[in-house]
Structures are given as C-alpha cells and as structure tokens.
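S.K.: Generate a structure from the sequence data that follows.
(one chain, ligands or ions: 1)
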Amino acid sequence: MFKQSAQHIGTYYAGTYGQIPLRPRLQESLDCDVVIVGAGFSGLHTGLRLTLAGKKVVILEASRLAWAASGRNGGQALPGWSCDMPPLEKALGLERAKRLWDSMTWAADEMRELPLRHGFDIDYRTGALYTAVLPRRVRQLQESLEEAEQKYGYRQLSFIAKEELPEWIASPRYLAALHDAGAAHLNPLKLAQGLAATIEAHGGRIFEQSKAARWEESGDGYRVHTEHGEVRGDVLVLACNAYVDDLDRGLAKRLLPVGSYQVATAPLDPQLAQSLFPKGTCAIDNQFVPDYFRVTPDNRLLFGGGCTYLGGIPEDVPAATRPYLERVFPQLRGVQIDYGWGGHIDCTMHRTPDVGREGQKYWLQGFSGHGILPTLAAARAVSDAILGEDELLNLYQGLDNPRFPGGDLLAAPIEAVGKAWYRLRDLF
Ligand SMILES: Cc1cc2nc3c(=O)[nH]c(=O)nc-3n(C[C@H](O)[C@H](O)[C@H](O)COP(=O)(O)OP(=O)(O)OC[C@H]3O[C@@H](n4cnc5c(N)ncnc54)[C@H](O)[C@@H]3O)c2cc1C
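M.R.: Model (predicted):
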C-alpha cells in the first residue's frame with residue numbers, strides 16, 4: 001500500500017547516527033526454528049528473546065532495520081497502551097487487565113536494563129510529563145492518577161499544579177501535568193541497532209532489503225519467499241505493522257494506517273535547550289491529537305504534533321508542524337528546523353494491541369501510535385508462548401480487534417470523519 005524504499009528516509013535519527021551498518025540480502029535457502037518478518041521493535045524484541053533462549057532465528061526486513069515506525073518515532077517510552085486501560089479492563093476483567101499492566105511495568109524496567117545488560121547505548125533519559133490544555137482534561141489527569149494507584153498499584157505518577165509547572169516545562173500552554181517517573185525517552189534507531197547486534201552476537205541472522213513476498217504453510221512448518229531466497233521455519237512471526245498489506249490480508253484488514261509526522265530543530269543554545277525541560281523529561285499532552293516533544297542529547301527540540309487519516313504525510317512537514325511547536329514554545333519562534341519526516345502508525349478499531357497466534361503463525365501489530373514499550377511487552381508474550389508458556393498471549397487473545405467497516409475503500413474516510421469530530425473536541 002505504501003511505497004517502501006531500500007534506504008532510511010531523512011530522519012534526525014538516520015541523519016545523526018553516523019555509519020549505519022548494512023546487513024546482507026537473503027540470497028540462499030535457509031532452515032531455522034523461527035522465521036520473523038519485519039525488523040522493527042516487534043520483530044527485534046521477539047528475535048532477541050528467542051535467540052537468547054537458544055532458538056535458531058532468522059529475521060527478514062524489506063528495507064533497513066527500523067526503517068518504518070521504529071526508526072521514525074518520538075522516542076517516548078511511556079508505560080501503557082494507546083487505548084489506556086478501560087478497553088482492556090472491559091474485555092478482560094480487572095484481574096486479567098492487571099496482569100497485562102504488570103507486563104507493561106516489566107517492559108519499562110526491561111527497557112532501562114537491556115542496553116546495560118548487553119552493552120549498548122540508547123541515550124536513555126528518565127521521566128515524562130502528561131500535560132493538560134483544557135480544564136476538563138486536568139480532571140482527567142487527576143482521575144488517571146487515582147486509577148493508576150488504586151486499581152493498578154502504579155505509584156510512579158505525581159500531580160503538578162499550574163504554579164509548579166515552570167520548574168518542569170517552559171511553556172505557557174498547560175494548566176497542569178502528571179509526572180511519570182516510570183517513563184523515559186531514548187534514541188529508537190540506537191535501540192534497534194543495539195538489539196540487532198545482540199541478536200547477531202548470539203547466533204541470530206538478520207537480512208535487510210529482503211522483502212517477504214509470500215509465505216505458505218507446508219507439512220514441515222512455514223516457508224517464506226523473498227526475491228532471491230527462502231527461509232523454512234517451524235514457527236512464523238509476522239511483525240510488519242502498517243506495511244503487512246498483501247503478505248497477510250487478514251491482518252491488514254484489522255489495521256488502519258494513520259500518518260504521523262515530526263521535526264527536529266537545529267541544535268539550540270545549550271542553556272535555552274536546558275530551560276525548556278529543566279528536569280530533563282519529555283512531554284505529551286492529553287489532547288485527542290497530541291503534541292509530543294523532547295530535547296535530544298545534542299540540544300535539538302524534537303516535536304511531533306499532527307496526523308493525517310488518509311495515510312498521507314504533508315509535503316512540507318516543517319511548515320505543517322511549526323505552528324504547533326511555536327504554540328507550545330513561543331520563545332522558539334522562527335527557530336531553524338533541520339529535519340522533518342513522517343511515518344505510519346498502525347491503528348486498530350479500538351486502539352487495542354493485536355497480538356495472537358493461529359497454529360504456529362504468530363503476529364504482533366496494532367500498537368496505534370504508542371509502541372516502544374508495548375512492542376516489548378507483546379514480544380515477551382509471543383516469545384514466551386513459542387517457548388511453551390502462553391499465559392500472557394492468552395490475555396492478548398481475549399481482546400477483540402475487528403476488521404474496519406467498509407473494506408479498504410471506506411475505512412479511512414469513515415475514520416477521518418470520526419477523528420475530525422474528536423479534533424473539534426480538542427478545542428473546547
Ligand atoms: C511518527 C511516529 C511517532 C511515534 N512516536 C512514538 C513515541 O514517541 N512513543 C511510542 O511508544 N511510540 C511511538 N510511535 C509508534 C511506534 O514507533 C510503533 O508502535 C512501533 O515502532 C511499532 O513497531 P513494529 O516493529 O511493530 O513496526 P515497524 O517499526 O513499523 O516495523 C515493521 C517492519 O516490517 C517491515 N516489513 C513490512 N512488510 C515486510 C515484508 N513483507 N517483508 C519484510 N519486512 C517487512 C517494514 O519494512 C518495517 O521495518 C510513533 C510512530 C510514528 C510513525
């Protein structure tokens with residue numbers, strides 16, 4: 001559906017990484033225990049856990065590692081799912097929803113420890129602010145804090161009233177915030193490269209520019225075909241996100257790709273950069289279409305603030321984003337913008353994650369714009385199930401992720417009308 005390119009697009013992450021290692025194309029016929037399609041966080045986290053457990057793993061990536069959402073995101077590692085807890089609680093009941101939540105706090109801890117354990121750097125910084133623009137959404141913050149503490153035993157949140165906000169963020173836009181000490185921000189491309197290097201160091205194999213054209217189930221497992229080779233595995237994992245398309249129409253029909261975009265400014269004066277977030281956190285507001293932003297270690301402001309429901313990305317991303325950025329930080333009016341890019345997020349109908357199994361085919365998708373920690377939590381569920389423990393996977397399979405109504409042609413316009421209504425509600 002979307003154009004794929006053989007190289008990274010012009011993101012801040014790719015532009016500042018230095019020499020990005022290139023893995024080989026698949027040009028042979030291979031045999032393994034688990035073949036994974038897609039080298040974003042879903043595929044890489046799953047691949048790492050299985051490789052460390054002694055499985056022979058092959059990962060196929062159509063383009064470059066973390067070419068899609070995993071290498072283009074805001075880098076905010078926020079505990080929780082895009083849908084928040086109510087839909088999970090409704091589908092699973094409180095006790096089972098709590099078990100899923102516990103796996104999320106595990107993912108937040110694991111994200112901090114993984115790079116230390118395996119010796120790579122992801123520019124990990126602690127803490128996020130959830131800010132409110134509208135009075136009724138200040139109440140929402142307070143309710144979220146109570147719910148997190150009382151129902152889920154999560155005690156990392158604290159309420160910041162308007163008069164204390166200048167200690168946290170140099171913006172006139174907000175009425176209040178929650179600080180989440182369990183959240184973090186990081187460089188996603190460094191994370192993907194660190195995961196990949198660790199997989200390879202433990203015997204896993206990764207092929208780039210090797211698109212899976214089709215797969216079939218045969219008597220001896222699953223065969224995945226690329227243009228120049230094929231891989232046979234006992235188990236197949238599909239981790240293709242918004243790009244799954246014809247590789248698996250059943251999975252594709254449960255996803256609506258939504259365009260999202262962001263910018264990175266030129267490096268700011270270090271004192272100015274530090275003043276934006278005096279305590280080094282990142283921030284996301286609680287509007288339906290949120291602004292999310294943070295300062296990078298090289299003192300740039302990374303700012304995302306818009307989305308499109310028909311899958312397109314604005315031609316001039318900096319021009320489309322600048323008004324939102326300057327609304328939050330008027331002191332940056334006219335700031336130079338060095339990078340602007342977009343990507344696709346994989347929304348499900350209820351924004352609940354779509355993770356499951358049929359036979360020995362597994363899938364992870366539908367993280368709906370909030371996937372850094374959710375992909376890790378889901379990768380644990382999938383890898384545990386492949387290794388014989390399916391308690392977590394069964395929780396995901398209790399969620400209902402229906403197809404979008406109206407087929408491929410109508411889904412996006414219907415969704416766009418719905419979202420336009422919610423966008424209006426962001427104003428009052
Ligand atoms: C602009 C933007 C900002 C975001 N900001 C945040 C944020 O701040 N915090 C957060 O938690 N989440 C954020 N997200 C969401 C998060 O990035 C995603 O949820 C997460 O990266 C999904 O990972 P994934 O591995 O499932 O998918 P992807 O990263 O999209 O990876 C899928 C991979 O599969 C490959 N693939 C597809 N089809 C094939 C095939 N046939 N053969 C081989 N390979 C194939 C693709 O090339 C791609 O590399 C953001 C997303 C975007 C787009």
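S.K.: quick one: contacts for residue 321?
M.R.: With contacts taken as CB atoms under 8 Å, 6 or more residues apart in numbering, residue 321 has the following neighbours: 261-263, 303-306, 337, 340. In this view, the C-beta of every residue, glycine as well, is placed from N, C-alpha and C.
S.K.: how about 6 Å then?
M.R.: Contacts here follow CB atoms under 6 Å, 6 or more residues apart in numbering; on that basis residue 321 touches 263, 305.
S.K.: Please, which helix or strand holds it?
M.R.: Under the assignment given by DSSP states H and E, the secondary-structure element containing residue 321 is helix 317-328.
S.K.: Which single residue of the stretch 251-400 of the chain approaches the ligand most closely?
M.R.: The shortest separation between the stretch 251-400 of the chain and the ligand is 1.9 Å, found at residue 371 (distances taken as CB to the nearest ligand atom).
S.K.: okay, now that residue: neighbour count?
M.R.: The tally of other residues near residue 371 (other CB atoms under 10 Å) stands at 28.
S.K.: Quick one: name the residues of the stretch 201-350 of the chain near the ligand.
M.R.: For the stretch 201-350 of the chain, the residues in contact with the ligand (CB under 6 Å from any ligand atom) are 211-212, 239-241, 243-244, 247, 260-262, 292, 304, 343-345.
S.K.: what are the ranges of the strands in the stretch 51-200 of the chain?
M.R.: Secondary structure of the stretch 51-200 of the chain (DSSP state E, counting those that start in this stretch): strands at 57-60, 76-77, 125-132, 157-161, 176-185.
S.K.: one step back: phi first, then psi, for the residue of the stretch 251-400 of the chain closest to the ligand.
M.R.: Here is the backbone geometry of residue 371 (degrees, to the nearest 10): phi -130, psi 0.
S.K.: what two of the residues of the stretch 201-350 of the chain next to the ligand have the greatest distance between them?
M.R.: With distances taken as CB to CB, the most widely separated pair in those is 212 and 292, at 31.5 Å.
S.K.: so where's the stretch 301-428 of the chain shaky on pLDDT?
M.R.: Counting by pLDDT under 70, the stretch 301-428 of the chain shows low-confidence ranges at 309-311, 406-428.
S.K.: Run through the strands of it in chain order.
M.R.: Counting by DSSP E, counting those that start in this stretch, the segments of the stretch 301-428 of the chain that form strands are 301-308, 337-347, 354-358, 361-365.
S.K.: deepest of those, which one?
M.R.: strand 361-365 (a mean of 25; mean count of other CB atoms under 10 Å).
S.K.: And for that strand, what's in contact with it?
M.R.: With CB under 6 Å, 6+ apart as the test, strand 361-365 has contacts from 42, 236-239, 241, 251, 346, 354-355, 378, 382.
S.K.: relative to strand 337-347, how tilted is that strand?
M.R.: Strand 361-365 runs at 130 degrees relative to strand 337-347, counting by axes from the mean of the first three to the mean of the last three CA atoms, to 10 degrees.
S.K.: List the neighbouring strands of strand 361-365 plus their orientation.
M.R.: Within its sheet, strand 361-365 is paired with strand 230-238 (parallel), strand 354-358 (antiparallel), according to DSSP bridges.
S.K.: now the helix holding residue 321 and strand 337-347, what's the angle there?
M.R.: In terms of direction (the same axes, to 10 degrees), helix 317-328 departs from strand 337-347 by 90 degrees.
S.K.: Give the buried residues for helix 317-328.
M.R.: Along helix 317-328, the positions that meet the burial threshold by neighbour count (16 or more other CB atoms under 10 Å) are 317-318, 320-322, 324-325, 328.
S.K.: Residue 92: what's it in contact with?
M.R.: Counting by CB under 6 Å, 6+ apart, residue 92 has contacts residue 398.
S.K.: That one and residue 98: what is the separation?
M.R.: With distances defined as CB to CB, to the nearest Å, the gap from residue 92 to residue 98 amounts to 9 Å.
S.K.: now do residue 16
M.R.: In this view, residue 16 and residue 98 are 40 Å apart by CB to CB.
S.K.: How about residue 163?
M.R.: Applying CB to CB to residue 163 and residue 98 gives a distance of 35 Å.
S.K.: repeat for residue 189
M.R.: The span separating residue 189 from residue 98 equals 34 Å under the rule CB to CB.
S.K.: So which residues on the stretch 51-200 of the chain come close to the ligand?
M.R.: Neighbours of the ligand within the stretch 51-200 of the chain, by CB under 6 Å from any ligand atom: 60-63, 67-70, 72-76, 78.
S.K.: out of everything not next to it in sequence, what's closest to residue 158?
M.R.: Nearest residue to residue 158 in three dimensions, chain neighbours excluded: residue 179, at 5.0 Å (CB to CB, 6 or more residues apart in numbering).
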